[in-house]
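Asks: Generate coordinates for the sequence data below:
(chains A and B)
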Amino acid sequence: MLQPVDISFESLNFITLAPMLIAVVGALSILIIDLIKGGLDKTIYVMISLLFLLLDLGTLVDFAGMFKENGTMLGFFNVILIDGIAILGQLIIVVASMMFLPLALTSKRFHEYSNPEFFALFLFMVAGFQFMVSSDNLIMIFVGLETASLALYTLIAMHNRSHSFEAAVKYFTMGALAAGFFAFGSMVFYALTGSIEINQIAVILKADDYANIGYVLVGTTFLLAAFSFKLSLVPFHTWTPDVYEGSSSALASYMAIVPKIAAFVVAMRLFEFLVHSGVVWLEVMLYVIVVLTMTLANVWALVQSDVKRMLAYSSISHAGFVMAAILIGTTQANSALFLYWILFSFTNLGAFTMLWVSRQKDLPHGQNSDHPFSKFSGMVKTMPLAATMMALFMLSLAGLPPFGVFWGKVYMLSAAVSAEYTVLALIMALNSAIAAYYYLKIIVYMFMKEPENCGSVYMSNASLPLKTVIGFSAVLTVFAVILVNPLLEFITPLVYNSGF
Amino acid sequence: MLEHILSILIFFPALAALLGFVVNKDSIRVYGIAVAGMEFVLALVLWGAYDPSIAGMQFMERMDLIPAFGISYLLGIDGISLFIIILAAFFTFIGIATLPNLKNIKNLIITLLFLQMTMVGVFAALDAMIFYVFWELSLVPMLYIIGAWGGEKRIYASVKFFLYTFAGSLVMLIGMLFMAFFYFQATGVWSFSILEWYRLVLPENIQLWLFVAFFFGFAIKVPMFPFHTWLPYAHGQAPTIGSVILAAILLKMGTYAFVRFSLPLFPDASVYFMFPIAILAIIMVVYTAMVAYAQKDIKQVVAYSSVSHMGIIVLGTFALNVEGISGAVFLMIAHGVVSGALFMLVGVFYDRRHTKLMSDMGGLAHIMPHYATIFGIMMMASVGLPLTINFVGEFLCLLGFYQQSHIFTLLAGTAIIVGAIYMLAAFKKVFFGNVVHEENKNLPDVNKKELFGLIPLVMIVVWLGVYPKPVLGPINNSVESIVQLMHDKAVTQEAKSVIPDLTKKVVISETIIEEVR
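Replies: Numbering: from 1, shown residues only, chains lettered A, B, ... in the order given. Below is the predicted model:
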């Protein structure tokens, strides 16, 4: 006879699920509202989503306090793991999502935002990413990843342009392949250790002193490939520019931040112990991937003729830069990863929003893409303020002090220097110099050439919320130096106490 | 107010630039002159309040910015930086005052005010990271000035200028991070304060690597041979105001940084690299002097001669004794005044005829006698005629290096003669002979606006040439404590013997500890 399963409700520690559940409930309530009364304006859905995300954020802030006192929390059959990096990852995901939502309030009407499903899917996606970062369990990570990815594919396709469909299908195909790699890699580790919990895997592998190093390498390679797809690391990056170009600028800015931070957190969990356990091959592979991603993406970005594609390649390069933290693997490097990503997200959001406000519904004659460089020529003469903002974001992305990304770069370089990765630090620094060239290119167009159009195009899609987002990003980018210390003091203990 | 005068000097122009966006574009010139004039007065107040008997840092300010990473907002000046700050304020002032009528002049003046913030910031910063911030930030206004108001190939020139210096600075940044890391290893706390770094004695092999990393950043900025290729382009394409500021102030950042960072932080490495750098400096002096002789464009002549004289500054700096370094710092001021004035003079002719080719000139002394006189004085100063400002600096530089090597000093000395040749040849082509071009016959002489900028420069050239003490005194005082610090810090016996022992108490580090703690 089967024994009745006897688990006390307290031991499930349901509270650990609260943040994700809030997002899920938010998504469901949007669907219910639509069922009760259809045809509502997009503004109500934006605001409802924002409110739920705000609740979500509130619980996370609470968690951060609890983590400081009690340390790591486990819950739901020990599948959910709330440690410092889970909290940090979720915070970045939720805040970045909250900054993305106002971008739906454009002055022009776009197809996707009139569907409430867009916002429901969006919240499901947020929940998916939150599940992904707050688990140690490979199956849970997989479920979270796929929930989020499927929702994201749909969101891209809802933009309703032929390019968007192409982008969504491309992303889906690549994503499916990555999912396959992930499943296969997890299987190898399960076969080796009989566990799907990353910390268990680490313990068991260490106990038998990496006897099956060959299989470990196979498993690691598959997992690395899977995450390289998600993080768009060379040579698994090919989808990125096409997908960014096909999706709306708003969604592209989102894709450059949120899915990647989720993947970084999981990569940190997975690869840190492997790097530290002296699996030299992994270190070499990571080194090669990091250097190739930074350098090649920069070189490709040099030759782009469309600003959005240029930004897509630049975001690949930034991801490569940050991936170095996983390779270096010290607490300082891992803190630098979060610091960099937070500062980068503001600047990146600002840059893509500048493209978003200049989005035309129909391309003018003789223009093949949405944002060719020539569109911005002479912008300072027609729209000085907007041009200055754009230049500000570009200089920040180039890593010019004292703007946001610079501080992330410095802290990351310092981590590399402190861990005696001198050559890597030099490569990273010189890559910043290469990158400066293509960021300067748009500044050259904006400030040093004669205008080609009347200037109204740059703000054609603008509305008060969008301008607010731009202003907010600009202020944070300029005054980043004040933010760095509080951020570091918040991030470092969370990362350190999670054992990274 | 005097406690915060450095912050005011840095941020007053920036704030004024922001407010300048509101000012109507017809009134912006007067606004710019007023702001730059106030800044210049503030700089003079700073000089007045500066106590020349103290060798250490004065007017120090400190505020924690990122304590978790040891970055603080730390300012202070000594005799070395004081005069460059005054020079920067002065040149921005007369630069804006003598601006010709250009298009988009509002943007230009606002940019110049931002540039002034970064210039003062570089010379007042005592925290390496703050220094780096201003150092890099100064590239942006210059990029815009060259790129938007420059000549035909302005975009190429401005981007080359930016990328070249940016790449060099990034290598320097790695060096700074290493330095901070070594400091962290030695003391357990992060710090980017240069004054704290002064107290750190490093083993020689580490010094060598760090010296090289810093050298890239500084040498590109100076610019030293073989990294000088961006400069002729930048000068050739830049508008007059861009060239003036670039030659007078921005290039000095590199040589100033040698004195502020390389020498006291890495005394052994400085001794180790003394002769290699001296060779580069002499190549730079002789080679660019010869290139200058071959130019057809008067602005390129001035540009190359400016590089050539920067070589003497580098040579003096790496004499590693009080005469050499004091001479180098003094020559920085002198070179700023003279080459700035020469670029302004070239601009005067360019505004009238829109050409810089010497073949389009000729016989101008008949038409524009005042112009020819001022040009003549500046040119004589540039070749180092005794009783002009450059002579004092060049003489001290060579005197300093004479104690290290007679041959090299002799070589550098001949280069000054070559300098006299190309300058006099250029002067002859431009001013003497007959007026061959009809268009030149009715050119007006220098007008009041231009005289307003040029007369004070002439006065400085003669005044400091005859009586350099008010400037040289404070410089000498601060340089002495740097040399003593280097002597005390040097670890190898060779370095100890090369760097003279002044048997003087090091004032820098003591005041510092008092002020900072």
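Asks: Quick check: which element contains residue A:210?
Replies: Under DSSP states H and E, no helix or strand contains residue A:210.
Asks: Would you mind measuring from it to chain B?
Replies: From residue A:210 across to chain B, the span is 32 Å (Cβ to the nearest Cβ, to the nearest Å). Where C-beta positions appear, they are placed from N, C-alpha and C, glycine not excepted.
Asks: Can you tell me the closest non-neighbouring residue to that residue?
Replies: residue A:216 (6.1 Å; Cβ to Cβ, 6 or more residues apart in numbering or on different chains).
Asks: Contact partners for that neighbour?
Replies: Residue A:216 makes contact with A:189, A:192, A:205, A:210, A:274, A:279 under the criterion Cβ atoms under 8 Å, 6 or more residues apart in numbering or on different chains.
Asks: Model confidence for it, exactly?
Replies: Residue A:216 is assigned a predicted lDDT (pLDDT) of 87.
Asks: picking up where we left off before, okay, the contacts of residue A:216 in JSON lines with neighbour count, pLDDT and secondary structure next?
Replies: Converted to JSON lines, those look like this (neighbours: other Cβ atoms under 10 Å in any protein chain shown; pLDDT from 0 to 100; DSSP: H, G, I helix; E, B strand; the rest coil):
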{"residue": "A:189", "neighbour count": "25", "pLDDT": "91", "secondary structure": "helix"}
{"residue": "A:192", "neighbour count": "19", "pLDDT": "89", "secondary structure": "helix"}
{"residue": "A:205", "neighbour count": "22", "pLDDT": "87", "secondary structure": "helix"}
{"residue": "A:210", "neighbour count": "17", "pLDDT": "80", "secondary structure": "coil"}
{"residue": "A:274", "neighbour count": "25", "pLDDT": "84", "secondary structure": "helix"}
{"residue": "A:279", "neighbour count": "19", "pLDDT": "70", "secondary structure": "coil"}
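Asks: tally of neighbours for the closest residue to chain B within the stretch 151-300 of chain A?
Replies: Nearest to chain B in the stretch 151-300 of chain A, going by Cβ to the nearest Cβ, is residue A:298, at a distance of 12.7 Å. Applying other Cβ atoms under 10 Å in any protein chain shown, we find 24 residues neighbouring residue A:298.
Asks: before we move on, what about residue B:346?
Replies: 24.
Asks: State the distance from residue B:289 to residue A:421.
Replies: Residue B:289 sits 44 Å away from residue A:421, going by Cβ to Cβ, to the nearest Å.
Asks: Settle it for me: which of the two has more neighbours?
Replies: Neighbour count, other Cβ under 10 Å: between residue B:289 and residue A:421, residue B:289 has more, with 25 against 21.
Asks: what about the more buried one, which SS state?
Replies: Following DSSP: H, G, I helix; E, B strand; the rest coil, residue B:289 is assigned to helix.
Asks: would residue B:63 count as being in a strand?
Replies: Yes: remark: residue B:63 belongs to a strand, assigned using three-state DSSP.
Asks: quick one: contacts for the nearest residue to it once chain neighbours are set aside?
Replies: Using Cβ to Cβ, 6+ apart and skipping the chain neighbours, the partner closest in space to residue B:63 is residue B:73 (4.4 Å). Applying Cβ under 8 Å, 6+ apart, one finds that residue B:73 lies in contact with B:61-65, B:127, B:130.
Asks: please redo it, this time with the cut-off set to 10 Å
Replies: Residue B:73 makes contacts with A:481, B:7, B:61-66, B:125-127, B:129-130, B:133, as judged by Cβ atoms under 10 Å, 6 or more residues apart in numbering or on different chains.
Asks: ranges for the strands of the chain?
Replies: No chain was given, so I picked chain A. In chain A, the strands defined using DSSP state E lie at A:73-75, A:80-82.
Asks: meant chain B actually
Replies: B:58-66, B:71-77.
Asks: Mean pLDDT added to these, as JSON lines?
Replies: Shown next, in JSON lines, are the strands of chain B (pLDDT from 0 to 100):
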{"stretch": "strand B:58-66", "mean pLDDT": "88"}
{"stretch": "strand B:71-77", "mean pLDDT": "91"}
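Asks: neighbours of residue B:455, just the number please.
Replies: Residues lying near residue B:455 (other Cβ under 10 Å) number 13.
Asks: Go ahead and confirm it touches residue B:374.
Replies: Yes: here residue B:455 reaches residue B:374: they are 8.1 Å apart, a contact under Cβ atoms under 10 Å.
Asks: per-residue confidence for residue 415?
Replies: Let's take chain A. 93.
Asks: not quite, I wanted chain B
Replies: The model's pLDDT for residue B:415 equals 79.
Asks: any idea how far residue A:176 is from residue B:159?
Replies: Look at residue B:159 and residue A:176: by Cβ to Cβ, they are 43 Å apart.
Asks: When these two are compared, which one has more neighbours?
Replies: For the pair residue B:159 and residue A:176, the greater number of neighbours falls to residue B:159 (21 against 15), based on other Cβ under 10 Å.
Asks: so what's the more buried one up against?
Replies: Residue B:159 neighbours (Cβ under 10 Å, 6+ apart): A:436-437, A:440-441, A:443-444, A:448, B:143, B:146-147, B:230.
Asks: ok, 8 Å please
Replies: Here residue B:159 is in contact with A:437, A:440, A:444, B:143, B:147 (Cβ under 8 Å, 6+ apart).
Asks: these two touch, right, the last one and residue A:445?
Replies: Right, the one you point to is residue B:147. No: using Cβ atoms under 8 Å, residue B:147 makes no contact with residue A:445, being 10.7 Å away.
Asks: Which one's more surrounded, the two?
Replies: Applying other Cβ under 10 Å to residue B:147 and residue A:445 shows that residue B:147 carries more neighbours, namely 25 against 22.
Asks: Once you drop chain neighbours, what's closest to the more buried one?
Replies: Sequence neighbours aside, residue B:158 is the residue nearest to residue B:147 in space, at 3.7 Å (criterion: Cβ to Cβ, 6+ apart).
Asks: Can you pull the residues of chain B lying near chain A?
Replies: Taking Cβ under 8 Å from any Cβ of the partner chain, the part of chain B that reaches chain A is made up of B:64-69, B:104, B:107, B:129, B:132-133, B:136-137, B:139-140, B:143-144, B:147-148, B:154-155, B:158-159, B:162-163, B:166-167, B:170-171, B:173-174, B:177-178, B:180-181, B:184.
Asks: Buried only: go through these for me.
Replies: B:65-66, B:68-69, B:107, B:129, B:132-133, B:136-137, B:139-140, B:143-144, B:147-148, B:154-155, B:158-159, B:162-163, B:166-167, B:170-171, B:173-174, B:177-178, B:180-181, B:184 (16 or more other Cβ atoms under 10 Å in any protein chain shown).
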